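>>> No sequence on hand, only this structure:
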């Protein structure tokens with residue numbers, strides 16, 4: 001992301017992003033399952049680095065594999081780039097953990113920007129003590145090898161019912177997690193800033209007693225009034 005795109009996307013909400021993507025025909029972009037676990041939620045805005053789990057197979061999922069230097073979930077912890085978000089396809093299993101406090105601490109120390117998964121986390125209280133942005137399905141005691149086998153890294157994955165391609169822009173806040181195709185990030189950020197500017201105007205008018213129809217969304221009269229408001233420097237009354 002260039003600096004302008006980042007600044008615009010940081011300034012707007014996940015809800016605004018969802019509307020901008022909807023206007024462009026993208027509906028299946030908001031994850032179902034990952035929820036903000038920090039209180040308050042810690043925002044994320046960065047590119048996705050992906051890890052995929054597959055269904056457990058007994059010969060592939062023993063405690064011994066955790067010590068294998070080529071075990072992909074461990075490789076992901078060491079290779080997820082600084083400033084990226086680790087997106088883990090946990091197969092929508094809220095009863096199995098995809099990581100725990102030691103792995104979360106390693107991600108934090110390495111400068112990774114956050115973790116998003118439709119699976120769960122174990123040792124959740126300790127994970128939260130790290131102050132690291134976490135969006136997952138909740139807490140679960142069983143380790144990943146209890147129900148998953150390692151898949152692969154940096155391939156398209158499913159997370160929360162949404163396709164995530166490595167390099168997609170992930171934005172997360174208290175409303176949840178959304179996936180922005182990289183090619184659309186600039187225009188979504190630009191138009192999202194304008195959307196929220198108009199919404200501030202509309203909310204001011206509603207607070208003054210105006211009815212919603214005609215103001216949100218705007219009719220021609222409201223657009224003209226909005227233009228005058230902009231010209232006046234966006235007054236708060």
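That came in fine, so what should we check first? In this text the structure is predicted, and so the values were computed from the model without any measurement. Numbering: from 1, shown residues only.
>>> Residue 21 reaches residue 178, doesn't it?
Yes - the criterion here is Cβ atoms under 8 Å, and residue 21 meets it with residue 178 at 7.4 Å. Every residue, glycine included, has its C-beta placed from N, CA and C.
>>> give the contact list for the closest residue in space to residue 189 that isn't next to it in sequence.
When the adjacent residues along the chain are set aside, residue 189 lies closest to residue 8, with 3.1 Å between them (Cβ to Cβ, 6 or more residues apart in numbering). If you count contacts by Cβ atoms under 8 Å, 6 or more residues apart in numbering, residue 8 has them with 186, 189, 190, 192, 193.
>>> Roughly how far does residue 8 sit from residue 41?
Between residue 8 and residue 41 the distance, using Cβ to Cβ, to the nearest Å, works out to 20 Å.
>>> so what secondary structure elements neighbour the top helix by length along the chain?
Ordering each helix of the chain by length in residues (DSSP state H) puts helix 185-207 first. Counting contacts by 3 or more Cβ pairs under 8 Å, 6 or more residues apart in numbering; DSSP states H and E, helix 185-207 packs against helix 3-11, helix 14-23, helix 220-231.
>>> hang on, the earlier thing: check what pLDDT the residue nearest to residue 189 gets.
Reading off the per-residue confidence, residue 8 sits at a pLDDT of 98.
>>> how much space between it and residue 134?
Per Cβ to Cβ, residue 8 is found 25 Å from residue 134.
>>> Likewise for residue 216?
Counting by Cβ to Cβ, the separation of residue 216 from residue 134 is 34 Å.
>>> Can you get me the start-to-end distance on stretch 145-165?
Start and end residues of stretch 145-165 are separated by 25 Å (Cα to Cα, to the nearest Å).
>>> residues of it that come out buried?
Under the neighbour-count criterion of 16 or more other Cβ atoms under 10 Å, stretch 145-165 has 145, 147-151, 153-154, 157-160, 162, 164 buried.
>>> One more: stretch 74-87?
So for stretch 74-87, counting by 16+ other Cβ under 10 Å, buried means 74, 75, 76, 77, 79, 80, 84, 85, 86, 87.
>>> quick one: contacts of that stretch?
Applying Cβ under 8 Å, 6+ apart, the external contacts of stretch 74-87 come out as 44, 46-51, 66, 68-69, 88, 99, 103, 106-107, 110-117, 133, 153, 157, 159, 164, 170, 172.
>>> quick one: average confidence on it?
For stretch 74-87, mean pLDDT rounds to 97.
>>> Name the single longest strand found in the chain.
Longest strand in the chain by number of residues (criterion: DSSP state E): strand 44-55.
>>> List the neighbouring strands of that one plus their orientation.
Pairing partners of strand 44-55, with direction, according to DSSP bridges: strand 85-89 (parallel), strand 148-153 (antiparallel), strand 169-173 (antiparallel).
>>> buried residues in that strand?
Buried residues in strand 44-55 (16+ other Cβ under 10 Å): 44, 45, 46, 47, 48, 49, 50, 51, 52, 53.
>>> and the two most separated of those residues?
45 and 53 (25.0 Å; Cβ to Cβ).
>>> quick revisit: for the contacts of residue 8, which ChimeraX command selects only the ones that are buried?
In ChimeraX, a selection of the buried entries from the contacts of residue 8 looks like this (16+ other Cβ under 10 Å):
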select :186,189,190,192
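>>> about what we covered before: touching the longest helix of the chain from outside, list them.
Applying Cβ under 8 Å, 6+ apart, the contact partners of helix 185-207 are 1-2, 4-9, 11-13, 16-17, 19-21, 23-24, 169, 180, 212, 215-216, 218, 222, 225-226, 229-230, 234, 236-237.
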